[in-house]
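Engineer: Would you be able to build a 3D model of this:
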Amino acid sequence: MIELLRSNDVVLLSWVGVYLRDAGIESMLLDRHIAVTEGSIGAFKQRVMVLDEDLDAARALLTDAGIDAET
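Structural biologist: Here you go, the predicted model:
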């Protein structure tokens with residue numbers, strides 16, 4: 001798996017997960033527990049991971065939706 005997006009925005013992370021799933025792209029959210037453990041102060045960003053072969057399609061979907069997957 002490879003990182004698609006890193007963010008502290010829980011709404012964005014949730015939306016991206018659903019958006020990818022609806023497009024048939026499997027994703028996984030990493031670092032959720034460390035973000036909660038540190039008190040959700042934003043020191044640790046959560047990462048959305050996708051399969052290597054889905055990276056280009058996932059980036060294209062996010063770009064079409066106006067989300068910059070590079071940040």
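Engineer: where are the low-confidence patches of this protein?
Structural biologist: 35-42, 70-71 (pLDDT under 70).
Engineer: Excluding chain neighbours, what is closest to the residue sitting nearest the centre point of the chain?
Structural biologist: Of all residues in the chain, the one closest to the mean position by Cα atoms, centre = their mean is Val48, 2.8 Å from it. Closest residue in space to Val48, ignoring its immediate chain neighbours: Leu5 at 4.3 Å, by Cβ to Cβ, 6 or more residues apart in numbering. C-beta: built from backbone N, CA, C; applies to glycine.
Engineer: What's the local residue count around the one you found?
Structural biologist: For Leu5, the neighbour count with other Cβ atoms under 10 Å is 26.
Engineer: got it, and His33?
Structural biologist: His33 has 10 neighbouring residues, counting by other Cβ under 10 Å.
Engineer: cool, Leu13 as well?
Structural biologist: 21.
Engineer: from the middle of its chain, how far away would the strand or helix carrying it be?
Structural biologist: Element membership of Leu13 [criterion: DSSP states H and E] is helix 10-22. Averaged C-alpha coordinates place helix 10-22 at 7 Å from its chain's average position (Cα atoms, centre = their mean, to the nearest Å).
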